[in-house]
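Undergrad: Next come a sequence and a model predicted from it.
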Amino acid sequence: MNAARVAVFRALALLALLTPGRRAQAARAPRPQEARSISGRVLRPTDGSPDPRPVPGIVVTLHRVARGGGRPIDSARTDARGRFSFRYAAPADSSAIHFVSADYAGIVYFSPPLRAPRVAGDDADLTVFDTTSRPVTITQRGRHLVVGRADSGRRQIVEVYELSNDSSVTRVASEGAPTWDAGVPAEATGFAVGEGDFSAEAVAKQGPRVVVMAPIAPGIKQLSFSYELPVSVFPLSIPGERRTDVLEVLVEDPEAMVTGAGIAEVDPVAVEGRRLRRFVAREVAPSAVVRIDAPRPARLSPATYVAVVATASGAAMLLVLARSARRRRARPAPATAAPAGWRDDPDVLAWDAGWRRLYVASESGVVSAFAAVGTNGAEIRPLGELRIPHAHTVSVDPRTHRVYLPLENVGRRPVLRILTPGP
């Protein structure tokens, strides 16, 4: 449960750090030894209340990170109203940043970098979440199916879901009941979990159902998996099961047809020199049925299929997800770290608790990585940096340690870059 709770921070990092408030802080470089301060609250949303409640007695830590590393410099417990405050001197190194963090129920939450001499109000507040085993509505914001050409009498299918927990609590499994499930054809074989927000250990195929046992935190999460079907099952009928905001089917066969559920063909996409036809429906009812009729030859890799969904398909949905934070994917090769440090405009932070790494994204498009070493991470050492234009929002998956960089406009399309660092 603890590892899944950490996922709340990853969702929050993309949702909260894109708010206009973080840009409201002045970007001027502080004068050495200038007195600085932060005064904020730790808040916890609750159902049935429009206002979050203060969290008393929680430890809040003030951090300083510079090109040469970093460390905690102060800490304090919140008072009965959830309030905390720090006063500190600005460092001589104008590239250094300060931020505060709070650990609640196993999750570490971070503030944006503290740029202004005095930070207070919404810019200083930290939000934490509870968990529950009670039923919580999980909305299907998107469902994408990619149907490959026939190969040796079988077709590979890749499904990608965008699942949204719009409540204020993390949904956890209870008494063996999954947090979410969906149907797959009974003839499906070779089931495999793909890239996304759920580990392979937390997702399984049980007969004609795919079940998720991992907690689902507030925000949008992505689940992807693949399987194979014999060509004999086509035409294939896919039931809606749940209301879906956007349903998308991509087919590699030029002669394939997709009908039902109000679905309509839109502009195709091309990946690795192959053209895939796209069919899209919106606000699909649970009772709707989509029929896929396709003939034959070759196939793309599962990673390529997910990249198709991420970079070319569902562009309107991807734009919304990039702006509200969550993602869809185009996967580059693992990056090799460059010389340590960052530019003078650090913008957003992400923390990998498992590998004890801090990622700092900058307005200039430089992403810097640091390792927390020593007792309680008392020292932060630079690991390297990578330049990715337009990458000034960053998040990290605590299970896979992948680093997520949503880019709002790459070739007029929203794209999510996913980095796979080494340990």
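TA: Great, that's in hand.
Undergrad: Pull the contacting residues for the residue lying closest to Pro239 once chain neighbours are set aside.
TA: Distances taken as CB to CB, 6 or more residues apart in numbering place Val289 nearest to Pro239, at 5.4 Å, with adjacent residues excluded. For the C-beta atoms, the positions are set from N, CA and C on the backbone; glycine is no exception. Contacts for Val289 (CB atoms under 8 Å, 6 or more residues apart in numbering) come out as 237-240, 260-261.
Undergrad: Swap in 10 Å and give it another go.
TA: 237-240, 259-261 (CB atoms under 10 Å, 6 or more residues apart in numbering).
Undergrad: now Phe279
TA: Phe279 sits in contact with 145, 247-251, 256-261, 263-266, 290, 292, where contact means CB under 10 Å, 6+ apart.
Undergrad: Setting the sequence-adjacent residues aside, check what's closest to it.
TA: Nearest to Phe279 is Val258, by CB to CB, 6+ apart, at 4.0 Å.
Undergrad: The one you found reaches Phe234, doesn't it?
TA: No - between Val258 and Phe234 there is no contact under CB atoms under 10 Å: 11.4 Å.
Undergrad: one step back: could I get the pLDDT score of the residue nearest to Pro239?
TA: pLDDT for Val289: 96.
Undergrad: on that earlier part again, what about Val258 and Phe234, which has more around it?
TA: Higher neighbour count among Val258 and Phe234: Val258, with 27 against 18, using other CB atoms under 10 Å.
Undergrad: quick one on the thing from earlier: and of the contacts of Val289, the nearest to Ile157?
TA: Ile238 (9.7 Å; CB to CB).
Undergrad: phi, psi of the closest one?
TA: phi -110, psi 110 (degrees, to the nearest 10).
Undergrad: got the contact list for it?
TA: Ile238 makes contact with 143, 145, 157, 159, 183-185, 247, 249, 258, 260-261, 288-292, according to CB under 10 Å, 6+ apart.
Undergrad: Buried ones from these, can you make that a PyMOL selection?
TA: Here is the PyMOL selection string for the buried members of the contacts of Ile238, based on 16 or more other CB atoms under 10 Å:
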select buried, resi 143+145+157+159+184+247+249+258+260+261+288+290+292
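Undergrad: Just the ones in helices from the contacts of Ile238, please.
TA: Residues of these located in helices (DSSP state H): none.
Undergrad: re the thing from before, overlap of the contact sets of Val258 and Phe234?
TA: Common neighbours of Val258 and Phe234 (CB under 10 Å, 6+ apart) are 147, 291-294.
Undergrad: Among these, which pair sits farthest apart?
TA: Largest separation among these by CB to CB: Val147 and Arg291, giving 12.0 Å.
Undergrad: who touches both of these two?
TA: Counting by CB under 10 Å, 6+ apart, the residues touching both Val147 and Arg291 are 234, 236, 258.
Undergrad: can I get those in a markdown table with distance to Ala372?
TA: As requested, these are exported to a markdown table (distance: CB to CB, whole Å):
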| residue | distance to Ala372 |
| --- | --- |
| Phe234 | 52 |
| Leu236 | 49 |
| Val258 | 49 |
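Undergrad: gap between the two ends of stretch 75-85?
TA: 9 Å (CA to CA, to the nearest Å).
Undergrad: Stretch 121-131 now?
TA: 26 Å.
Undergrad: Buried residues, it. List them.
TA: Buried residues in stretch 121-131, defined by neighbour count with 16+ other CB under 10 Å: 123-129, 131.
Undergrad: again with stretch 200-211
TA: 202-205, 210-211.
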